[in-house]
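J.: Take this sequence and fold it.
(6 chains)
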Number of protein chains: 4
Amino acid sequence: MHLNTTSPMSVDKKDHIINAAMELFAEKGFEGTSIRDIAAKADVNLAMVNYYFGSKEKLFEAMVEQKATFMRGQLEALESDKELTELEKVDRIIEAYVDRFLSNPGFHKVIQQEMLKSQREEMHQKAINIFIKNTQNFNSIIEKGIKKKVFKKVDPPLVFASIIGTINQVLVSKKVCNVFAGKDPCYDPYTDEHFKKRLLTHIKQMIHSHLLNQ
Amino acid sequence: MHLNTTSPMSVDKKDHIINAAMELFAEKGFEGTSIRDIAAKADVNLAMVNYYFGSKEKLFEAMVEQKATFMRGQLEALESDKELTELEKVDRIIEAYVDRFLSNPGFHKVIQQEMLKSQREEMHQKAINIFIKNTQNFNSIIEKGIKKKVFKKVDPPLVFASIIGTINQVLVSKKVCNVFAGKDPCYDPYTDEHFKKRLLTHIKQMIHSHLLNQ
Amino acid sequence: MHLNTTSPMSVDKKDHIINAAMELFAEKGFEGTSIRDIAAKADVNLAMVNYYFGSKEKLFEAMVEQKATFMRGQLEALESDKELTELEKVDRIIEAYVDRFLSNPGFHKVIQQEMLKSQREEMHQKAINIFIKNTQNFNSIIEKGIKKKVFKKVDPPLVFASIIGTINQVLVSKKVCNVFAGKDPCYDPYTDEHFKKRLLTHIKQMIHSHLLNQ
Amino acid sequence: MHLNTTSPMSVDKKDHIINAAMELFAEKGFEGTSIRDIAAKADVNLAMVNYYFGSKEKLFEAMVEQKATFMRGQLEALESDKELTELEKVDRIIEAYVDRFLSNPGFHKVIQQEMLKSQREEMHQKAINIFIKNTQNFNSIIEKGIKKKVFKKVDPPLVFASIIGTINQVLVSKKVCNVFAGKDPCYDPYTDEHFKKRLLTHIKQMIHSHLLNQ
DNA sequence: AATGAATGAGGATTCATTCAT
DNA sequence: TATGAATGAATCCTCATTCAT
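T.: As a prediction, this is how the structure comes out:
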């Protein structure tokens, strides 16, 4: 009843709670975060969380729903684009992922954590399905390139795993990044354009050498 | 006092508990796993866990300690090996990581989860430090190769992130792997030599193209 | 202030809420029923219940008040009736109770439950008082009959207990009744005239044999 | 695991908790009683209740189990007894029920309350089944008497309802009983042998007049 | 060395109620 | 008059841990 109402007032507060939750989930994991923590961080009454979302699990799902909406559709559009070469499409994909992951490091850490577990089977499956679909889109681009002899005979799903895996590995720890970027440990590399550029360059160069003949 | 006693009997039991704990941590995360779960899975008395390890957190650390011991030293040995070329060293490293990660998927999932969080600061820091050290070892090999003009001017820490990230990405979900390996969802790809070969080939080819001129 | 306003609109809604509440109280008990349940069943806003009745407890009292009003006064009138013999009066009483209890099984289940408890002392006392008064009315009729040597020397309050107790026992469970009436378990025996007749006949015969000499 | 262990120590405490729970359930109903109340009354730690019984509902079931065990089997034995006449059997049954109900008024109040509701379907059904079985035992005795022309053609299940209903009605409220026994309101009539005798006499006389020709 | 019993703290959730509009 | 939003208190239950034996 009240759960789906999006009355003008509650929207802000819902978002507010979702953002607080996301940060805590990223930091402490789903079960490591208590509703008390969330309520405290969002500075709302403890009961509000259940009032708005029904349960901690539903709050999690609402968060995924909200954050995931941002990034839907872009990849599908790319695949069928006639203007771009396969290599250009791969570059666009890399750019899109780097951009998204670095812009929402908290969210992607949460998702990564949940994918590593096998609890919350429904969520897990949902995330897996999105991932599989994305991989398939990527695969078909790569296979087209291979058929056209523009690309070498590579292993498409593993190429995709390398792209996503590299970005995820970077997300694992600010601190590691900072060591190699020569910054102090509290610095946030994800919002640093220079760091983003560096990551993009690395992935593109690596994938290009891997895909292209000669 | 009793924590460090390693009477012949208790060693087996401790290992037994550690293994049960590791599986559950991998599956459900650290806070998602209760001592009750662990005691039940290991089929020991609930109080045994605290009796042997002192606390849940210390059990976690004991697990890390035990599992990490397996893989220490190998990389250090490699770096100073005079017999091998830089490329051979890189290959050995890739082989070592693929082997370890696929042999102990549970453990690496746990570690990955913990590195994504920033709770348990001590553990986190310890894991980060190991990772930094490994990266530095790798870096110095790559840099030597660059200096010798055997390797292109790449971004060493990110190359390392790509290797580890690719393997981690594969660990994320059996299910995703099985979709692309054409296996049924319950199949365990990590123990499949054919799958391991495929992963190795992909990483080596990708890293070779990236590192080598022409 | 607003509690006693009986504006034309609200009367229907109040009744509506009371009826919903009564059904739920009968089914799940007073504390087993939440205001949310009631509001949902009556299809009114959650806050309406407190708005109209002030509290859950006052709603309960309003329900008792409303339902009890139906059956007041009848017994008092009987006692002083000069036209009827004592036996006829007893029969009228039996008829009245059977009729009321079977017509309002929900209400009487609620009352019975509340009398069994000793919470809500005020309500409890009120119900007890009504019961005592009814018993006294009945007693004085029986005692008159005994004095006139029409009735045997029985134990009046226990005779009353047997009448009410028999009917209450029948209310306890539709299912038990249906087993012995040969009906299927979902059948509602309370609205079945045949069943009512059977119950009436049993009580009258039993009480007659008990009261009458020979 | 620990739930069914009946180690020497815990038995007393379990019984202690069960007794505390029974009194409170009788007084305030199942949902009206909190685990806090029970723990406080039994003077044990709050968590003990769940430790021993697993849940509030299971505690309830354990209570029923324990208390119901006392009175099993007696009625079955009666039915097949060749030494007794049907009337004697009926008398034994009446005596047995009066004795049990007055000895365990709390328990029978709880059961009565639960039978009036239709929550906790499993419990409800279990109670109903016991009741049906008892009624059937009683029926077959009455029917034998009718066949032998010792009893009039009565309605057996309703005769049983009158016996049980009368006793239950007496249980409803000490206070009502005391008004008619001329005692003060705090007096406990259930343990008063004189009161018990009076109740027994009433029921027997009433049932005898009802069953016997002439 | 090993464990059943016990516990205090905290978990998520639901409650009746109130309040601003 | 009527209601969506909000809340503090209380619910049951599970947790990691400790202790007596």
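J.: what comes into contact with the least confident helix or strand in chain A by mean pLDDT?
T.: When the helices and strands of chain A are scored by mean pLDDT, DSSP states H and E, helix A:74-79 comes last with a mean of 74. With CB atoms under 8 Å, 6 or more residues apart in numbering or on different chains as the test, helix A:74-79 has contacts from A:84, A:89, A:92-93, A:96, A:134, A:137-138, A:140-141. C-beta: built from backbone N, CA, C; applies to glycine.
J.: Which residues of chain A lie near DNA strand E?
T.: Contact residues (CB under 7 Å from any atom of the strand) of chain A with DNA strand E: A:33-37, A:46-47, A:49-51, A:54-57.
J.: Show the buried residues in those.
T.: Taking 16 or more other CB atoms under 10 Å in any protein chain shown as the criterion, what is buried in the residues of chain A next to DNA strand E is A:33, A:35, A:37, A:49, A:56.
J.: Please report the distance of the third one from C:Glu121.
T.: Note on A:Asp37: its distance to C:Glu121, by CB to CB, to the nearest Å, is 42 Å.
J.: Find the residue at the geometric middle of chain A.
T.: A:His108 (3.9 Å; CA atoms, centre = their mean).
J.: does it count as helix, strand or coil?
T.: Three-state assignment for A:His108 (DSSP: H, G, I helix; E, B strand; the rest coil): helix.
J.: I figured it hits A:Val170, correct?
T.: No: at 10.4 Å, A:His108 does not count as touching A:Val170 under the criterion of CB atoms under 8 Å.
J.: what residues are shared contacts of these two?
T.: Common neighbours of A:His108 and A:Val170 (CB under 8 Å, 6+ apart) are A:Phe101.
J.: How is chain A partitioned into domains?
T.: As assigned by automatic domain parsing, chain A contains the domains A:8-67, A:71-211.
J.: Tell me which of the ones you listed lies nearest to C:Lys204.
T.: domain A:8-67 (55.5 Å; CB to CB).
J.: How about the closest one and chain C, touching?
T.: No: shown here: domain A:8-67 not in contact with chain C (CB under 8 Å from any CB of the partner chain), separated by at least 11.5 Å.
J.: follow-up on the earlier one: buried stuff in the least confident helix or strand of chain A?
T.: Of all the residues in helix A:74-79, those buried under the rule 16+ other CB under 10 Å are A:75, A:78.
J.: what's whatever helix or strand comes next after it packed up against?
T.: Stepping forward along the backbone from helix A:74-79, the first helix or strand reached (DSSP states H and E) is helix A:86-103. Helix A:86-103 sits against helix A:74-79, helix A:121-147, helix A:156-172, helix A:193-211, with contacts defined as 3 or more CB pairs under 8 Å, 6 or more residues apart in numbering or on different chains; DSSP states H and E.
J.: Distance to C:Thr166 for those - can I get that in JSON lines?
T.: Listed next are these as JSON lines, based on distance: least, CB to CB, whole Å:
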{"stretch": "helix A:74-79", "distance to C:Thr166": "73"}
{"stretch": "helix A:121-147", "distance to C:Thr166": "54"}
{"stretch": "helix A:156-172", "distance to C:Thr166": "74"}
{"stretch": "helix A:193-211", "distance to C:Thr166": "84"}
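J.: Could you identify which of these is most buried?
T.: helix A:156-172 (a mean of 25; mean count of other CB atoms under 10 Å in any protein chain shown).
J.: and the angle for that helix with helix A:86-103?
T.: In terms of direction (axes from the mean of the first three to the mean of the last three CA atoms, to 10 degrees), helix A:156-172 departs from helix A:86-103 by 30 degrees.
J.: Pick the one among the buried ones among the residues of chain A next to DNA strand E closest to B:Ile128.
T.: Among these, and counting by CB to CB, the member closest to B:Ile128 is A:Thr33, at 21.4 Å.
J.: wait, what's in contact with that closest one?
T.: A:21, A:24-25, A:27.
J.: check which helix or strand covers it.
T.: A:Thr33 belongs to no helix or strand, assigned by DSSP H and E.
J.: How about the contacts made by the closest residue in space to A:Lys148 that isn't next to it in sequence?
T.: Leaving aside its chain neighbours, A:Lys148 sits nearest to A:Glu86 (7.0 Å; criterion: CB to CB, 6 or more residues apart in numbering or on different chains). A:Glu86 sits next to A:141-142, A:144-145, A:148, A:150-151 when contact means CB under 8 Å, 6+ apart.
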